[in-house]
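Asker: predicted model and sequence follow; I will ask about them next.
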Amino acid sequence: MGDVDYLQISEAIRDAIAESPKKSKRVLLKTLLKMFGHKTRQKHWVEAIQSSFSDVGILMSPLLVDLERDDWVVLSVTDPNLPVKDFTASQIDEESISNKALMNSWASSIGNKIFHSEKEVEIRFVIPLLEHLGYSEDDRADGYPVEQVVGVRKTKTEADFVLFDGANRCKDSALLVVEAKNVGKKIADHVSQARSYAMFLGTPYYLVTNGDDIRVFLYRSPIESDVEVFNSTRVELPASLNSLYNLISKQAVIAYRKKKMNL
């Protein structure tokens, strides 16, 4: 990889993104390669760039290793950096180790399931996933009513799931919005709906899934771009579940909110 200082270049890119109004930039992979002095897409170069981006707190959607030279990637920065810490590494007691084994076993088996309706996606996929992410039945509000005010108009809708820190249903304890759609539905068509729920409820994150694809966004503010922090398929969950856990498990979201409040 020659004398390329990946960390220094990545820090400069991060500073430029942080100074932009939206804290996010859309860039071609070939442009990034050029910034690091590379004319072609070599796997080890792409992996080195991706690793250095992670080291300085740049989020990528999708990951660079999944891209070809002419593909676009969205680079974003958050404050605090995500993930806040590795929560899977802290699970060292006997019960936690057992729970992690069950979570991994479930992730390996769920990829073979077939869902025939939105309700099956909710019951057979979303609810077990939330349980493995540390949310109890008391934390979960199903079909949660959301009153939205746009201009002078009030509308009442329902979020499929809203996760709270305990049974107290208030804005200060709202952690996550989940919208579940039927298999085959385009997730992109429902992201704005989930975002509006996150905005009115005050949740840091929202998740949208059609049972096959899972996308998670960090909601920042009405004027800032949201950040896609997770993009995976159900089949890929065994490899990506730890990353998801470190972002939107109950303890991860609570830790993120606390750290953000202390900035």
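Answerer: All right, it came through fine. Numbers count the residues shown, from 1 in each chain.
Asker: alpha carbons only for contacts and neighbour counts from here, please
Answerer: Noted.
Asker: quick check, residue 195 in contact with residue 206.
Answerer: Yes - at 6.7 Å, residue 195 counts as touching residue 206 under the criterion of Cα atoms under 8 Å.
Asker: more neighbours: which of the two?
Answerer: When residue 195 and residue 206 are compared on other Cα atoms under 10 Å, the one with more neighbours turns out to be residue 206, at 27 against 24.
Asker: what's the more buried one in contact with, if anything?
Answerer: Residues counted as contacts of residue 206 (Cα atoms under 8 Å, 6 or more residues apart in numbering) are 176, 177, 178, 179, 194, 195, 198, 216, 217, 218, 219.
Asker: so which of those are in strands?
Answerer: Taking DSSP state E, the ones among the contacts of residue 206 that sit in strands are 176, 177, 178, 179, 216, 217, 218.
Asker: return the set of residues that bridge with the last one.
Answerer: When bridges are assigned using DSSP bridges, the partners listed for residue 218 are residue 205, residue 227.
Asker: where along this structure do the strands fall?
Answerer: All strands of the chain, identified by DSSP E, fall at 24-28, 58-61, 72-77, 140-150, 153-164, 174-180, 205-209, 213-218, 227-233.
Asker: my guess is residue 215 contacts residue 194. True?
Answerer: No - with contact taken as Cα under 8 Å, residue 215 and residue 194 are classed as non-touching, separated by 11.1 Å.
Asker: which residues are in contact with both of these two?
Answerer: When contacts are counted by Cα under 8 Å, 6+ apart, the set common to residue 215 and residue 194 consists of 207, 208.
Asker: picking up where we left off before, between residue 195 and residue 206, which contacts overlap?
Answerer: Where contact means Cα under 8 Å, 6+ apart, the residues bridging residue 195 and residue 206 through contact with each are residue 219.
Asker: residues in contact with residue 249?
Answerer: Residue 249 makes contact with 130, 133, 134, 135 under the criterion Cα under 8 Å, 6+ apart.
Asker: so which of those residues are in helices?
Answerer: residue 130 (DSSP state H).
Asker: where does this structure dip in pLDDT?
Answerer: 1-2, 90-95, 150-151 (pLDDT under 70).
Asker: and the helices in it?
Answerer: Under DSSP H, the chain gives helices at 6-19, 29-35, 43-56, 94-110, 118-120, 127-132, 191-201, 237-248, 250-261.
Asker: in CSV, list the ones you listed along with distance to residue 230.
Answerer: What follows is the helices of the chain, written out as CSV (distance: least, Cα to Cα, whole Å):
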stretch, distance to residue 230
helix 6-19, 19
helix 29-35, 19
helix 43-56, 14
helix 94-110, 16
helix 118-120, 21
helix 127-132, 15
helix 191-201, 13
helix 237-248, 7
helix 250-261, 14
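Asker: hmm, back to that, which of the ones in strands among the contacts of residue 206 sit farthest apart?
Answerer: When Cα to Cα is used, the two most widely separated members of those are 179 and 218, lying 14.3 Å apart.
Asker: do you know how far residue 130 is from residue 80?
Answerer: Distance, residue 130 to residue 80, using Cα to Cα, to the nearest Å: 24 Å.
Asker: tell me which of these two has more neighbours.
Answerer: When residue 130 and residue 80 are compared on other Cα under 10 Å, the one with more neighbours turns out to be residue 130, at 21 against 15.
Asker: distance of that one from residue 166?
Answerer: 14 Å.
Asker: now residue 249
Answerer: Taking Cα to Cα as the measure, residue 249 falls 14 Å from residue 166.
Asker: ditto for residue 262
Answerer: As for residue 262, its distance to residue 166 is 22 Å (criterion: Cα to Cα).
Asker: cool, and residue 121?
Answerer: Counting by Cα to Cα, the gap between residue 121 and residue 166 amounts to 24 Å.
Asker: dihedrals phi and psi, residue 234?
Answerer: Backbone geometry at residue 234, expressed as degrees, to the nearest 10, gives phi -60, psi -40.
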